[in-house]
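Colleague: Just to be clear, the model below is a prediction. Sequence and coordinates:
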Number of protein chains: 2
Amino acid sequence: MSVEPPSTPGPEVGPSAPGGTGASARPGVSRRGLLGAAGAAGVVGVGAGLVAGRQLGGPGSAVAEPAPAPDRYPFLGEHQAGIVTPAQDRLHFAAFDMVSSERADLISLLQDWTAAAARMTQGHDAGPFGATSGPYDAPPDDTGEALGLPPARLTLTFGFGPTLFRLAGQDRFGLAARQPAALQRLPHFPGDHLDPQRSDGDLCVQACADDPQVAVHAIRNLARIAMGRASLRWSQLGFGRTSSTSTSQATPRNLFGFKDGTMNLKAEEPDLLDTHVWVRPDGAADRWLAGGSYLVARRINMTIETWDRQPLREQERVIGRTKAEGAPLSGGSEFSQPDFALQGRGAQPLVAPDAHIRLVHPDQNQGAQMLRRGYNFVDGSNGLGRMDAGLFFIAYVSDPRTHYIPMQMKIARGDGMSEYLQHTGSGLFAVPPGVTPGGYLGQPLFAA
Amino acid sequence: MSVEPPSTPGPEVGPSAPGGTGASARPGVSRRGLLGAAGAAGVVGVGAGLVAGRQLGGPGSAVAEPAPAPDRYPFLGEHQAGIVTPAQDRLHFAAFDMVSSERADLISLLQDWTAAAARMTQGHDAGPFGATSGPYDAPPDDTGEALGLPPARLTLTFGFGPTLFRLAGQDRFGLAARQPAALQRLPHFPGDHLDPQRSDGDLCVQACADDPQVAVHAIRNLARIAMGRASLRWSQLGFGRTSSTSTSQATPRNLFGFKDGTMNLKAEEPDLLDTHVWVRPDGAADRWLAGGSYLVARRINMTIETWDRQPLREQERVIGRTKAEGAPLSGGSEFSQPDFALQGRGAQPLVAPDAHIRLVHPDQNQGAQMLRRGYNFVDGSNGLGRMDAGLFFIAYVSDPRTHYIPMQMKIARGDGMSEYLQHTGSGLFAVPPGVTPGGYLGQPLFAA
């Protein structure tokens, strides 16, 4: 099922230029025009994004040639795109606060965002006139920096923060009765050093694309559309994905130089996704979240300069895997299950007691798994000769109370890796289900 | 002429693992190994980077099919790569300060950077052991996050700031007599709001690549190598190029949504490069700069939220070009020369007196031209609901006193665009010539 953006009013030709001599009529340009028929041919149905690829298992297992990925993903669907969608290379994540206190403004914002997201994810301008063809005396309904760029597999994934439901005890938009019990500000974890200007928010948008300018363009236009109703609270760029969300993808590396996300949940595991990612509503408060998920965002600074001075032995001990292949230190290859009991010299376990892979393994966490979708970031330097760098952690879980908070508490207390980490931003958002034809983002939340 | 990195000591196999049972020998991985023969085949000679492409001229002119670009550029050459090299898509720019006061440390740093840059630009690890194959009880000589990534056309371009020659009147490294007269801190321009933590520096490195993780990896490893001799002063990521430096490239768009760099100098114009980009030494102080250039860096914030509220008419008036095609408002197509005298309604010039293209045109600047190589940036938001976004301006000029300072003074005073800009960072660096076989970066500066 593909989505057609709202029809374009009028021909995509600009108004005639002001003044007389020499200024001829200037044709407008839209991404639709530039993309043309070739673009339209790239539209694929829901599910086609889940390309078949290599199977789980180490080198030597059967490897199927992955199908070519589509150039865009459908916006409509049972779930929002950008969760199990094969992780794109670049991220722009943004959190917004409502500046209006009117429920009607919140609804109209979500409707306008729906229309713009449906357009932009398909490679079109944010609005029907586009960047260059609207009324000459009005601001354009697209900002223009994505003209000429491909859809770049853009996905836009929206979430609602706890403060949208209740702020300082106030029911701001008549939604308090529908605040899910799981949707609370994340607790303080040991070692947290959170910047309020990088944390929380009434609304969030995750823009993922293979071209960063396409992701930035999308967030910027959503911010422009929100003007007077919501304003940008914080935003974060990520330049490199740190997780695979599909077996069709190779495992990327984080700024510790290690493969990250080997054990990640994958789009090709629908039963596990049902258990660990999609919300199973348990009452009237969260019925609207059926088909949705919870998004945990954590800005995690890495002290990479300190890490880089550690011997290879220490780096591998902290992670519990080899740096080269990412195999557990207990042996095997990347996708081998670690053997936590196996001992080496001096009767010490080969995978150290505080090794990262031990603490986060489902066997050590009542079976809980997450779908991670994080990105490497570098935000310049901190004035002390160090890069402001790390991992912008994103995970989708069916319930943060069982699938994130206990594990993070354990990591913060006991993980050898925590010595090289500092959490500087945090957010929890409820991610509503996908949009149905004619509907809008979060519509079930507002239904009578 | 291609450069071979220093030979690799020892086989690229890691040390055997610690402990006994279950831990087999773990083979190391290097980018060399991963790139293999296909990578080597991609090595090209100096000058091959300057692919033939479409000629200057608007749509309708003869368009040649551009040759496929090579996957890497040579590090050695008459000039440093990364100046006239076709502008790559992503940037990581860094400035360093010397923390050692020893001339020998400065020289050894430049030698070590030369070796690492020669390796990394060819798609190899930063050091001969690589990220995973060095002594197990020593820190690796590469940080690893670029393992498995292609060379991505990485170029590394190095420069020397005024403070390397003289700081607070002190001749720090015995170089004061060789400080070129043109290498002075840029003057204060009207409206400057410079952050010292985003300005100046003893040394700079411009890393450009088509994969941002490759650019980040390069800067990080150069910072690692510098430890104890120089430390990071500031760094800046750019996600989208805003200039073409070759006729083989389409003109990209900046965050105003307009094409940027239409009139830029191009690699295919060697006579103009000789006049406007390469230094012509005029005495003993700058003889070492023959074959070099000056790099002007300016971090220019754009108030994009204000810009986005301007009518299309106003946006085009400020720039002096149409937003769609980038044609001058006096008529024609993108590459048409503007007619500044042509009048429209009410006898007003079609290109406004304070239009950006009028103020920066060579005819209005004693013929001065620049080779621009800037990048769009978004560094999150500023806590006031606005993106911290803009253009990281980079220009290469033969003399900043004639080719940058007068123009910027004029722009800062009279350009209609300045209303939407704030300069928040600044740096001027002398860029030494390219490295010859067996030599090192800046070697002529230290010659007796």
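Modeller: The structure has been received and is ready for your questions.
Colleague: Break down chain A into its helices, ranges please.
Modeller: Along chain A, counting by DSSP state H, helices occupy A:31-41, A:103-120, A:212-226, A:270-276, A:304-307, A:312-319, A:356-360, A:400-403, A:405-414, A:443-446.
Colleague: residues from the stretch 51-200 of chain A in reach of chain B?
Modeller: On the criterion C-beta under 8 Å from any C-beta of the partner chain, chain B has as its neighbours in the stretch 51-200 of chain A the residues A:90, A:92, A:94, A:131-140, A:142-148, A:197-198. Bear in mind the C-beta positions are built from the backbone N, C-alpha and C, glycine included.
Colleague: Now a PyMOL select for only the buried ones of the residues you listed.
Modeller: With 16 or more other C-beta atoms under 10 Å in any protein chain shown as the criterion, this PyMOL line picks the buried residues out of these:
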select buried, chain A and resi 90+92+94+131+132+133+134+136+139+140+142+143+144+145+146+147+198
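Colleague: Keep only those of the residues of the stretch 51-200 of chain A next to chain B that are in strands.
Modeller: The strands in this structure, assigned by DSSP state E, contain A:90, A:92, A:94 from those.
Colleague: Name all residues that make contact with the second one.
Modeller: By that I understand residue A:92. Contacts here follow C-beta atoms under 8 Å, 6 or more residues apart in numbering or on different chains; on that basis residue A:92 touches A:207, A:212, A:215, A:216, A:218, A:219, A:235, A:236, A:237, A:238, B:378.
Colleague: pretty sure the fourth one is touching residue B:239, no?
Modeller: So the one you mean is residue A:216. Yes. Using C-beta atoms under 8 Å, residue A:216 makes contact with residue B:239 at a distance of 6.6 Å.
Colleague: any residues in contact with both of the two?
Modeller: With C-beta under 8 Å, 6+ apart, residue A:216 and residue B:239 have common neighbours A:237, B:376, B:378.
Colleague: Looking at the residue nearest to the second one when sequence neighbours are not counted now. What's its pLDDT?
Modeller: When you say that, I think you mean residue B:376. What sits nearest to residue B:376 in space, not counting adjacent residues and going by C-beta to C-beta, 6 or more residues apart in numbering or on different chains, is residue B:240, at 4.2 Å. The predicted local confidence for residue B:240 comes out at a pLDDT of 95.
Colleague: Might you report the residue contacts of residue A:413?
Modeller: Remark: with contacts taken as C-beta under 8 Å, 6+ apart, residue A:413 is in contact with residue A:190.
Colleague: how does it look with 10 Å?
Modeller: If you count contacts by C-beta atoms under 10 Å, 6 or more residues apart in numbering or on different chains, residue A:413 has them with A:189, A:190, A:191, A:354, A:359.
Colleague: and the third one, what does it touch?
Modeller: Spelled out, that is residue A:191. Applying C-beta under 10 Å, 6+ apart, the residues near residue A:191 are A:411, A:412, A:413, A:418, A:419, A:421, A:422, A:423.
Colleague: Go again with 8 Å.
Modeller: Residue A:191 is in contact with A:412, A:418, A:421, A:422, A:423, counting by C-beta under 8 Å, 6+ apart.
Colleague: thought the first one was touching residue A:190?
Modeller: Put plainly, it is residue A:412. Yes. With contact taken as C-beta under 8 Å, residue A:412 and residue A:190 are classed as touching, separated by 4.3 Å.
Colleague: Between those two, which has more neighbouring residues?
Modeller: Neighbour tally, residue A:412 and residue A:190, criterion other C-beta atoms under 10 Å in any protein chain shown: the higher count belongs to residue A:412, 16 against 12.
Colleague: Would you pull up the residue in the stretch 51-200 of chain A closest to chain B?
Modeller: Across the stretch 51-200 of chain A, the shortest distance to chain B (C-beta to the nearest C-beta) belongs to residue A:144, at 2.4 Å.
Colleague: and residue A:216 and residue B:239? which has more neighbours close in?
Modeller: For residue A:216 versus residue B:239, neighbours defined as other C-beta under 10 Å are more numerous around residue A:216 (28 against 22).
Colleague: Quick check: that one vs residue A:149, distance?
Modeller: Distance of residue A:216 to residue A:149, computed by C-beta to C-beta, to the nearest Å: 11 Å.
Colleague: While we're on the closest residue to chain B within the stretch 301-448 of chain A, how confident is the model there?
Modeller: As assessed by C-beta to the nearest C-beta, chain B sits closest to residue A:344 within the stretch 301-448 of chain A, at 2.2 Å. Per-residue confidence for residue A:344 comes out at a pLDDT of 93.
Colleague: And for it, the neighbour number?
Modeller: Neighbours of residue A:344 under the rule other C-beta under 10 Å: 18.
Colleague: Could you pull up the residues touching the spatially most central residue of chain A?
Modeller: In chain A, the centroid-proximal residue (C-alpha atoms, centre = their mean) is residue A:206; its distance is 4.5 Å. Taking C-beta under 8 Å, 6+ apart, we find residue A:206 in contact with A:82, A:91, A:93, A:155, A:156, A:157, A:158, A:159, A:295, A:373, A:394.
Colleague: Is the last one bridged to anything, and to what?
Modeller: Just to be clear, that refers to residue A:394. On the basis of DSSP bridges, residue A:394 takes part in beta bridges with residue A:297.
Colleague: cool, and the fourth one?
Modeller: Legend: beta-bridge partners of residue A:155 under DSSP bridges are residue A:208.
Colleague: just to revisit the earlier point, of the contacts of residue A:206, keep whichever come out buried.
Modeller: Neighbour counting over the contacts of residue A:206 (16+ other C-beta under 10 Å) leaves A:82, A:91, A:93, A:155, A:156, A:157, A:158, A:159, A:295, A:373, A:394 as the buried ones.
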